[in-house]
Structures are given as C-alpha cells and as structure tokens.
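# Here is the input, now give the coordinates:
(one chain, ligands or ions: 1)
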Amino acid sequence: MSINQKILLVEDSPSFGYVVKKQLESRLHFEVTWVQSYQDAQACLQNTQAFAFALLDLHLPDAANGEVVDLVLEVGIPTIIFTSNDGNDAQERLWSRQIVDYVFKGSSASLDYIVSLLTRLQKNPTTKLLVVDDSKVACDYLRHLLQIQGYQVLVAHDGEQALRLLAEQGDIRLMLIDYAMPGLSGHQVVSRVRRQLGSDRLAIIGVSALGNHRLSAQFIKQGANDFIGKPFSAEELYCRVAQNLKILEQMDSIRQASYQDFLTGLYNRRYFFEHALSWFEYKTPLTLAMLDIDYFKHINDSYGHHVGDQVLKAFSQLMKEMFPHALLTRMGGEEFCILLPEPFVKTYRHLENFRIGLARQEILIEQERVKITTSIGLAQWQPSIHSNEQVTQDTLEKLLHLADQYLYQAKARGRNCICYGQTQTTQLQGSKD
Ligand SMILES: Nc1nc2c(ncn2[C@@H]2O[C@H](COP(=O)(O)OP(=O)(O)OP(=O)(O)O)[C@@H](O)[C@H]2O)c(=O)[nH]1
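Numbers count the residues shown, from 1 in each chain. The predicted structure follows:
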C-alpha cells in the first residue's frame with residue numbers, strides 16, 4: 001500500500017483554504033495539514049518536517065510580506081506560492097526565491113492547475129532528464145532549476161557523451177540540448193537520436209539563442225519536439241518541460257490502451273504479434289501454451305454475461321500469479337496464450353499445477369460459486385543448432401498453430417487436460433501425449 005504524502009497548506013482565507021484542502025485530499029489523496037498563520041506554520045514545522053510540498057499564501061495576518069516562504073524554504077520543502085499579484089516585479093521576486101511554482105488565487109482554473117502541478121511533481125523524482133551543453137555553467141544552471149522541481153538530471157558535455165548516456169540509461173524521457181557544441185552540433189545529435197528513438201519515446205527540446213529562428217526551425221526539422229530561446233525564465237523552462245512530458249505520458253497511455261485487453265488487463269493479440277518475436281532472440285527454448293476455458297458458454301448462459309466477465313478476470317489474475325514472468329495474452333473470447341522462455345518440462349509442470357488447482361477451486365462471484373476447468377495445447381520451440389536460420393513471423397505463426405492443434409486435441413479428449421508437441425525453426429514436428 002502506498003503511503004500518503006504530506007502537504008503543508010498555509011492559507012488564512014477559510015473558504016479558499018477549505019476548498020484547496022478538500023481537493024488535494026479527494027483528488028490526490030494527500031494528507032493535508034492546514035494552518036492559517038505564520039506562527040502556526042512555525043509550530044507545525046517544529047513538530048514535523050516530513051512534508052513533501054508546501055502551498056503558501058504570501059500575505060498572512062501575522063506575516064504580511066511573505067516571511068513564511070523563507071521559513072519553509074529554510075527547511076528544504078519544495079514550495080508553491082499562492083499569489084494575486086501578476087506584476088513583473090512581483091513575479092521576479094517570487095522566482096528569485098527558488099520556488100517550485102506559483103498559482104494565481106483568483107482564477108477558477110487555479111485548483112485544476114494545483115492538482116496537475118502536484119501530479120507532475122510527484123512523478124518528477126522518477127523522471128530522468130538529460131541536459132546537453134558544452135558550457136559547464138549552462139549545464140549547472142539548468143540542472144539546478146530542474147532539480148528544484150525534483151527531476152533526476154543527467155548532464156553531457158558533448159554529443160557523443162549524450163548518445164552514450166541515452167543508450168546506457170534507456171529510461172531518459174526528455175533531453176534539453178544546446179545547438180553550438182564542439183564535435184557534433186545539437187542538430188546532428190537530434191538527427192542521430194531520432195534514428196533510434198521516436199518522439200513518442202523521448203522528448204527533445206532544442207536550446208538556441210533567442211532571435212535565431214533558423215536554428216529553432218532546424219531543431220524541429222531534425223526531430224526535436226520543441227525549442228526554447230536563450231535566455232529563458234525558470235517559469236518558461238518548467239512549462240515547456242512539463243508540457244512535453246505530459247504529451248509523452250498521454251502517448252504512453254494511448255499505446256498501453258492499444259496493447260491491453262480492457263477486461264483482464266492482459267496483453268491483446270496486437271501486442272502479441274508485434275512483440276512475441278523478440279522473445280526468440282535469446283535462442284533459448286520457448287514454450288507456448290494456448291488455454292481455453294471449458295464450456296464457457298454454459299457459464300454465461302447459467303449466470304449471465306457479467307459473471308462470465310468476472311470469471312475471465314479471475315482466470316487472468318490466477319495466470320498472472322502463477323506465471324509472473326510470462327508473456328500473457330488474451331487472444332480473444334475465452335482463449336489465452338502463455339509464452340515462456342523456459343524448458344518444456346518446467347512449463348508443463350507449472351501448467352499441470354495450474355490446471356489441477358483451477359479445477360479444484362471455486363471462484364466466488366456475487367454469491368455464486370463458479371467452478372471452471374481449462375484445456376491446454378502446448379508447443380515447444382527449440383532453436384536450431386545446425387543453421388543460422390532467421391526466426392520470422394512465420395516461425396511464430398507455426399508455433400501458435402501447433403499449440404492450437406494440441407488445444408483442439410485436448411478439447412476432443414474430453415477437456416480439462418494438456419496435449420503437447422515440439423517444433424524447431426526449420427521444421428514442424430510434434431507428438432501428443
Ligand atoms: N462474458 C463474456 N463472454 C464472452 C466474452 N467473449 C466471448 N464470450 C463468450 O464465450 C463463449 C464461448 O463459447 P464457445 O466458443 O461455444 O466455447 P465453450 O462454451 O467454451 O466450449 P468449449 O470451448 O468447446 O469448451 C461464447 O458464448 C461467447 O459469447 C467476454 O468478453 N465476456
């Protein structure tokens with residue numbers, strides 16, 4: 001179970017404070033400590049400093065000039081400020097205090113902004129960014145600003161080092177890259193990165209001198225998602241980085257939805273056919289099982305489709321628990337596939353345990369005790385030791401077809417059993433039990 005993060009809210013307006021507290025508790029499940037004065041904030045910080053963030057009103061009855069900001073920043077809590085003043089001077093004073101962000105009080109959108117900001121800030125400690133600039137001063141400045149918002153920041157001082165870090169780390173989500181560097185230019189690095197990583201995997205923001213529109217346009221043409229002109233404000237940097245990460249996360253969600261079966265949460269056919277081949281790359285034996293729930297139509301007819309749905313979910317959950325390292329797919333209806341990089345005997349034993357355990361238990365759904373069994377067709381793939389033959393989509397389809405044939409035999413034998421056989425890259429051969 002995740003531990004709720006604590007947030008300190010210092011706000012003297014009873015109505016605004018109440019609404020903010022309720023929103024943060026109900027929408028983000030924060031544990032909110034709300035106080036209404038400088039003195040209470042001080043007492044609160046003496047008792048606990050384990051706040052993940054602080055939301056502060058600048059003007060309090062007992063501290064009218066933003067003193068509470070220094071109080072909270074002194075103990076190192078990332079700070080967001082409520083303000084009603086949008087003058088340039090006031091803004092600059094705020095940013096010079098190294099706050100995480102500020103939020104306008106009066107606007108109806110401010111509550112939504114606080115929620116989206118805190119959602120972002122909660123993710124930042126696990127979000128890796130790469131800053132690429134040959135100037136150490138520029139790198140240090142960017143790293144410092146980004147760390148205020150809690151990001152993990154890596155730094156490269158030339159293009160080659162950036163390419164190396166991207167390849168080594170594998171989970172960098174956004175790169176900020178300057179144009180002018182010795183060796184590879186920013187444009188060249190972007191163009192090379194894009195041969196490996198699409199804009200849906202890594203966001204790139206080019207950094208170029210303000211007013212040089214050609215450089216900015218070239219960054220985009222080489223594959224950058226965005227650009228930012230130097231000199232930039234902390235606020236602009238934060239907005240662009242957050243915006244690009246948000247788009248990336250939306251693309252992740254779309255990709256995940258397109259690969260996931262909505263009912264069971266398992267992978268769907270599309271994912272299987274696009275990714276299963278990569279499991280053959282390691283040239284170790286693979287076992288592929290096709291499973292079909294027996295007489296499933298009878299369950300729908302007897303208990304209704306909604307119970308049938310719950311049975312499919314329960315069956316999938318049992319598979320996840322029994323085969324945590326397998327590629328688990330709902331191929332359609334009540335038919336499932338398990339692909340495992342394991343020797344046949346081991347998988348066979350696991351599947352037998354799964355089949356026997358399933359037949360013995362009752363699945364409790366809405367006071368109904370439902371009993372199910374499954375038939376299983378099992379095929380093994382052995383990498384050929386005599387040839388360097390390529391594994392192709394055809395190999396996968398043959399293996400699947402073979403497992404399907406054995407599943408058919410298991411059904412013909414009376415169901416609730418396993419039939420199996422074996423194949424190699426170059427040929428299909430098999431025998432049933
Ligand atoms: N509740 C529910 N039923 C589904 C879903 N997808 C397919 N089905 C039902 O699954 C049933 C499959 O029936 P059949 O193909 O006749 O197979 P069976 O009754 O399992 O019989 P055997 O496979 O021969 O053991 C059909 O009634 C489909 O409507 C689903 O997502 N939810």
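
# buried set for stretch 202-218?
Across stretch 202-218, burial judged by 16 or more other C-beta atoms under 10 Å covers 202, 203, 204, 205, 206, 207, 208, 215, 216, 218. C-betas here are computed from N, CA, C, even on glycine.

# quick one: which two of the residues you listed are the most distant?
202 and 215 (20.2 Å; C-beta to C-beta).

# Residue 340 bridge partners, please.
When bridges are called by DSSP bridges, residue 340 pairs up with residue 287.

# Can you give me the neighbour number for it?
Counted with other C-beta atoms under 10 Å, the neighbours of residue 340 add up to 21.

# check contacts around the residue lying closest to residue 182 once chain neighbours are set aside.
Distances taken as C-beta to C-beta, 6 or more residues apart in numbering place residue 134 nearest to residue 182, at 6.0 Å, with adjacent residues excluded. Neighbouring residues of residue 134 by C-beta atoms under 8 Å, 6 or more residues apart in numbering: 157, 158, 178, 180, 181, 182.

# Which of the residues in the longest helix seen in the chain are classified as buried?
Determined from DSSP state H, the single longest helix within the chain is helix 234-259. Within helix 234-259, the residues scored as buried using 16+ other C-beta under 10 Å are 234, 237, 238, 240, 241, 242, 244, 245, 248, 259.

# Show me which positions of the helix or strand just after that helix end up buried.
For helix 234-259, the following helix or strand on the C-terminal side (DSSP states H and E) is helix 269-275. Buried residues in helix 269-275, defined by neighbour count with 16+ other C-beta under 10 Å: 271, 272.

# same for helix 269-275, what does it pack against?
Here helix 269-275 touches helix 234-259, strand 327-332, going by 3 or more C-beta pairs under 8 Å, 6 or more residues apart in numbering; DSSP states H and E.

# Nearest approach to the ligand belongs to which of the ones you listed?
With C-beta to the nearest ligand atom as the criterion, the ligand lies closest to strand 327-332 of these, at 7.3 Å.

# Which strands and helices lie in contact with the closest one?
Short answer (3+ C-beta pairs under 8 Å, 6+ apart): strand 327-332 packs on helix 269-275, helix 305-322, strand 335-340.

# looking at the ones you listed, which is buried most?
Scoring those by mean neighbour count under mean count of other C-beta atoms under 10 Å gives strand 335-340 as the most buried, with a mean of 22.

# how about that one, does it get close to the ligand?
No: Strand 335-340 stays clear of the ligand (C-beta under 6 Å from any ligand atom), getting no nearer than 8.2 Å.

# and the helix or strand just after that strand, anywhere near the ligand?
Moving toward the C-terminus from strand 335-340, the next helix or strand (DSSP H and E) is helix 344-360. No: Helix 344-360 does not reach the ligand (C-beta under 6 Å from any ligand atom); its nearest approach is 13.6 Å.

# Sheet-wise, list the partners of the next helix or strand after helix 344-360 with their directions.
Using DSSP H and E, the helix or strand that follows helix 344-360 towards the C-terminus is strand 363-365. Here strand 363-365 has these sheet partners by DSSP bridges: strand 368-370 (antiparallel).

# Alpha carbons only: can I get whichever helix or strand comes after the partner strand in PDB?
Elements were assigned by DSSP H and E; along the chain past strand 368-370, the next helix or strand is strand 374-382. The C-alpha trace of strand 374-382 is given here as PDB (Å, rounded to 0.1, in the frame of the first residue of the first chain):
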ATOM      1  CA  THR A 374      -9.300 -25.300 -18.800                       C
ATOM      2  CA  SER A 375      -8.000 -27.300 -21.800                       C
ATOM      3  CA  ILE A 376      -4.400 -26.600 -22.800                       C
ATOM      4  CA  GLY A 377      -2.400 -27.100 -26.000                       C
ATOM      5  CA  LEU A 378       1.400 -26.900 -25.500                       C
ATOM      6  CA  ALA A 379       4.100 -26.400 -28.200                       C
ATOM      7  CA  GLN A 380       7.800 -26.100 -27.700                       C
ATOM      8  CA  TRP A 381      10.300 -24.200 -29.900                       C
ATOM      9  CA  GLN A 382      13.900 -25.300 -30.000                       C
END
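
# What residues does the stretch 151-300 of the chain have near the ligand?
Residues of the stretch 151-300 of the chain lying close to the ligand by C-beta under 6 Å from any ligand atom are 263, 292, 293, 294, 295, 296, 297, 298, 300.

# What's the PyMOL line that selects buried ones from those?
This is how PyMOL selects the buried members of these, with burial counted by 16+ other C-beta under 10 Å:
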select buried, resi 292+293+294+296+300
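
# Among the residues of the stretch 151-300 of the chain next to the ligand, which lie within helices?
Residues of those located in helices (DSSP H): 296, 297, 298, 300.

# For the third one, give me the pLDDT.
Residue 298 carries a pLDDT value of 96.

# Show me the shaky parts of the stretch 301-433 of the chain.
385-389, 422-433 (pLDDT under 70).

# so which residue of it comes closest to the ligand?
Taking C-beta to the nearest ligand atom, the ligand has its nearest neighbour within the stretch 301-433 of the chain at residue 308, 2.6 Å off.

# Please name the nearest non-neighbouring residue to that residue.
Nearest one to residue 308, counting by C-beta to C-beta, 6+ apart, is residue 300 at 4.1 Å.

# Give me the distance from stretch 283-303 to the chain's centre.
Stretch 283-303 has its C-alpha centroid displaced from the chain centroid by 29 Å (C-alpha atoms, centre = their mean, to the nearest Å).

# first vs last residue of it, how far apart are they?
Criterion C-alpha to C-alpha, to the nearest Å; first-to-last residue distance in stretch 283-303 is 45 Å.

# Could I get the buried residues of helix 234-259 in a markdown table, plus columns for pLDDT and distance to residue 99?
Output for these, formatted as a markdown table (pLDDT from 0 to 100; distance: C-beta to C-beta, whole Å):
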| residue | pLDDT | distance to residue 99 |
| --- | --- | --- |
| 234 | 92 | 9 |
| 237 | 96 | 14 |
| 238 | 96 | 10 |
| 240 | 96 | 18 |
| 241 | 97 | 16 |
| 242 | 96 | 15 |
| 244 | 97 | 21 |
| 245 | 98 | 20 |
| 248 | 97 | 25 |
| 259 | 96 | 40 |
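
# before we move on, back to that, just to be sure, the residue nearest to residue 182 is in a strand?
No: using DSSP: H, G, I helix; E, B strand; the rest coil, the assignment for residue 134 is coil, not a strand.
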